[in-house]
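Undergrad: Based on what follows, work out the 3D shape:
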Amino acid sequence: MQSLQHENTRPGATRSLWHENPQSGIPQRGISQRGIPPRGSARENPRRRRYDEAVSALTSEARAYIRSRGGELLDEDVMGRIEDAAVHGSACTGLTISEKIRVVDTVFCRTRRDLGVLQPIADDPSVSEIMVNGTEDVFIERKGNIERTDIRFENVDELEELIRRIAARVHREINELSPILDARLEDGSRVNAIYKNVALNGPILTIRRFPETAIRMDDLLGFGSITAEAAEFLSVLVECAYNIFISGGTSSGKTTFLNALAGFIPSSERIITIEDSAELQIRGIDNLVRMECRSANAQERGEVNMRQLIRASLRMRPNRIIVGEVRGEEVLDMIQAMNTGHAGSLSTGHGNSPQGMLYRLEAMFLQAADFPVAAIRRQITEGIDIMVHLGRLPGGARTVLEISEITGMTDGEIDLNPLFCYAAGRGLIRTGNRLEDTSKLQVKGRELP
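TA: Numbers count the residues shown, from 1 in each chain. Got it, this is the predicted structure:
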C-alpha cells in the first residue's frame, strides 16, 4: 500500500496516511477533528466544493473498481485502491493531509460499510441519535445536545439506497406505496425512515441508538435522573407488583427507565415483553418471552400487531406483561391485562404530564371501543396504580419529574396523589403524601422506605 507524503515534512520524508498521534502514538482514523471537511456549503466555500468533488470522483472510481472485480474483494484491497488514488491521482490535488484522510474514510464508508457515510458517527458511542433531513442536513444528539454535522450524501439516490438496504436487512420494504419504515438494526438501534414522496425535504432517516449494556437504576442515580429515596421507593413497588405506567415526551428516557425498573422484578417470575420494535434489555429473568410486532408484506399479508400479541400473551401464563409503548388501540388490551390478575405489569406512553397522559389513554381507549368515558376512566383507575413522569431539563438532562398514585375518581375525574415532585434547584423531593393503597405491600409483608 502506498504512503501519502505529508505537506509539511522535509523533502523525501514520508508518513503513512494513517499517521500516529504524536501524543498517544495510536494510529488515528475515522472522524478525528483533523479530518473534518471544510465547513459550509459548497456554494459558499470553495474548499468545501473542492473536497466534495474529490469525494465524488474517488467514489465513482472505487465503485467501478469493485464492479470490475465482481464484488469479491477484501476491505483491505478496496482501502488500498482508494488510498492509492488519493496519493497518485489528480482528484485530491490541492487538499490538505487532513482533508485527504477524510476523503479516503468517506469513500471507503460509502462503498464498503452498511450505513455508508453515517458509519463513523454510528460507531461513535457518544452519539445517541442520528437525524438525516435530506441529503445535506445531518444532525446528531450527543450527551443530550443536538449538533449539526458536515456529513452529506452525494445525491438522493445514495440516501434512498441506504434506506432500502436497512429495510431489506429487516425484511421490510419502503417505497412510494409504503413510504414509512419503522424497524430496528441488529444492534438494537431503532430506525425510522420517510420516503421522499411524503417528506418534502426528504428522504428522512432517524436512527436512535441504545447503549450496548442496559442502564440500571444505579446508573440513573449516578446521572442524577432520580434520587436514592425515590429509587428505593419504586423498587419496593415493583417487587410488590404494583402496576406502573411511565409517561414522558420524545427522548425523555422512558424505555431506559422501564429497563431499570424491570431490574427489580423477582427473578423467579415469568415475564412477557411486547414491543413494536424490540428495544428492552431485560436481564436476570430466566423465564422471559420477548415478542415483537411485524408489518404486513407487499401483499398486505402477515401483519401481527400489538393487540394480537397482548391477547396471545394472556394465554401464556405470564406473571407480568411489559408493553414497551402504547400508541393506539392496544391500550384497551393493556388495561384489560392489568385488570385480569397480571399484577406488576409495566408500560410507557407519550404524554406531557401524568394528567395529560391519562387523557391520552382515554382517547386511545376510545379508538378501540365506544365505551362511556366514565367506564374507561374506571378501567384505568382499576388497572394502573402508579404514574411515573419523565422529562428533559433545559440542559438536556433526563430526569424523573413526578411519581403519583392513582387513587380513584371524584366527580368523574381521575384522582392523582403526588408522592414525589421535581423542584427547581432541589431535584425530586417527597411531597409528604403517603401511599393510600397499601394492600399489595401487606400481601408481601413489605413497608415503604
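Undergrad: which residue packs closest to D182, ignoring adjacent ones?
TA: Spatial nearest neighbour of D182, chain neighbours left out: N192 (5.6 Å); criterion: CB to CB, 6 or more residues apart in numbering. In this view, the C-beta of every residue, glycine as well, is placed from N, C-alpha and C.
Undergrad: ok, now R190?
TA: R208 (4.4 Å).
Undergrad: looking at the sheet around the residue nearest to D182, what are its partners?
TA: D182, T206 (DSSP bridges).
Undergrad: hmm, back to that, what's the neighbour count on the residue nearest to R190?
TA: 20 (other CB atoms under 10 Å).
Undergrad: likewise K254?
TA: So K254, with other CB under 10 Å, has 24 neighbours.
Undergrad: picking up where we left off before, residues near the residue nearest to D182, how many?
TA: Residues near N192, counting by other CB under 10 Å: 15.
Undergrad: and it, what does it touch?
TA: Shown in contact with N192 (CB atoms under 8 Å, 6 or more residues apart in numbering): I180, L181, D182, I204, L205, T206.
Undergrad: Please read off the pLDDT at the last one from the model.
TA: Residue-level confidence at T206 comes out at 95, pLDDT.
Undergrad: Against R172, how distant is it?
TA: 15 Å (CB to CB, to the nearest Å).
Undergrad: Neighbour count for these two, which is higher?
TA: Taking neighbours as other CB under 10 Å, T206 and R172 compare with R172 leading, 20 against 15.
Undergrad: Check whether that one really touches A296, as I assumed.
TA: No: if you go by CB atoms under 8 Å, R172 and A296 don't touch, sitting 9.7 Å apart.
Undergrad: Need the residues touching each of the two.
TA: Counting by CB under 8 Å, 6+ apart, nothing touches both R172 and A296.
Undergrad: OK, contacts around the spatially closest residue to R209 that is not a sequence neighbour?
TA: Once flanking residues are discounted, R209 sits nearest to S189: 4.7 Å by CB to CB, 6+ apart. Residues near S189 by CB under 8 Å, 6+ apart: A122, I207, R208, R209, F210.
Undergrad: Can you tell me how far S189 is from R112?
TA: Taking CB to CB, one finds S189 at 20 Å from R112.
Undergrad: M306 too?
TA: 37 Å.
Undergrad: Please say which of these two ends up with more neighbours.
TA: M306 (24 against 17).
Undergrad: The more buried one contacts V323, correct?
TA: Yes: with contact defined as CB under 8 Å, M306 and V323 form a contacting pair (7.2 Å).
Undergrad: overlap in contacts of those two?
TA: I274, E330.
Undergrad: In three-state terms, label the spatially closest residue to G412 that is not a sequence neighbour for me.
TA: Using CB to CB, 6+ apart and skipping the chain neighbours, the partner closest in space to G412 is A374 (5.9 Å). Using DSSP: H, G, I helix; E, B strand; the rest coil as the criterion, the local structure at A374 reads helix.
Undergrad: ok, A374 - how many residues close by?
TA: 10.
Undergrad: for R377, same thing?
TA: For R377, using other CB under 10 Å, the count is 21.
Undergrad: same thing with E176?
TA: 9.
Undergrad: and what of the one 10 residues further on?
TA: The number of residues packed around E186, counting by other CB under 10 Å, is 8.
Undergrad: so what's the closest residue to Y65 other than its chain neighbours up against?
TA: Using CB to CB, 6+ apart and skipping the chain neighbours, the partner closest in space to Y65 is R81 (5.3 Å). Counting by CB under 8 Å, 6+ apart, R81 touches E61, A62, Y65.
Undergrad: Where neighbours are concerned, which of those residues has the most?
TA: A62 (21 neighbours).
Undergrad: That one against T111, yeah?
TA: Yes: look at A62 against T111 with CB under 8 Å: they come within range, at 4.7 Å.
Undergrad: Between these two, which contacts overlap?
TA: Common neighbours of A62 and T111 (CB under 8 Å, 6+ apart) are V78, I82.
Undergrad: Let me see the backbone angles for the residue nearest to R209.
TA: phi -60, psi 140 (degrees, to the nearest 10).
Undergrad: Please name the spatially closest residue to E61 (chain neighbours excluded).
TA: Nearest to E61 is A85, by CB to CB, 6+ apart, at 5.7 Å.
Undergrad: from what I can see, that neighbour looks like it's in a strand, true?
TA: No: counting by three-state DSSP, A85 is not found in a strand; it is helix.
Undergrad: Now for it: which residues touch it?
TA: Under the criterion of CB under 8 Å, 6+ apart, the neighbours of A85 are L58, E61, A62, A91, C92.
Undergrad: for this protein, what are the low-confidence residue spans?
TA: 1-44, 71, 298 (pLDDT under 70).
Undergrad: Which residue ranges make up the domains of it?
TA: 1-111, 113-209, 217-444 (automatic domain parsing).
Undergrad: residue ranges for the helices of the stretch 1-150 of the chain, please.
TA: Along the stretch 1-150 of the chain, the stretches classed as helices by DSSP state H, counting those that start in this stretch are 46-68, 75-88, 97-112, 119-122.
Undergrad: The stretch 251-400 of the chain now?
TA: Using DSSP H, counting those that start in this stretch, helices in the stretch 251-400 of the chain cover 254-262, 306-313, 330-338, 354-368, 373-383.
Undergrad: Adding distance to V238, write those out as a markdown table.
TA: A markdown table is the format used below for the helices of the stretch 251-400 of the chain (distance: least, CB to CB, whole Å):
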| stretch | distance to V238 |
| --- | --- |
| helix 254-262 | 5 |
| helix 306-313 | 19 |
| helix 330-338 | 14 |
| helix 354-368 | 18 |
| helix 373-383 | 16 |
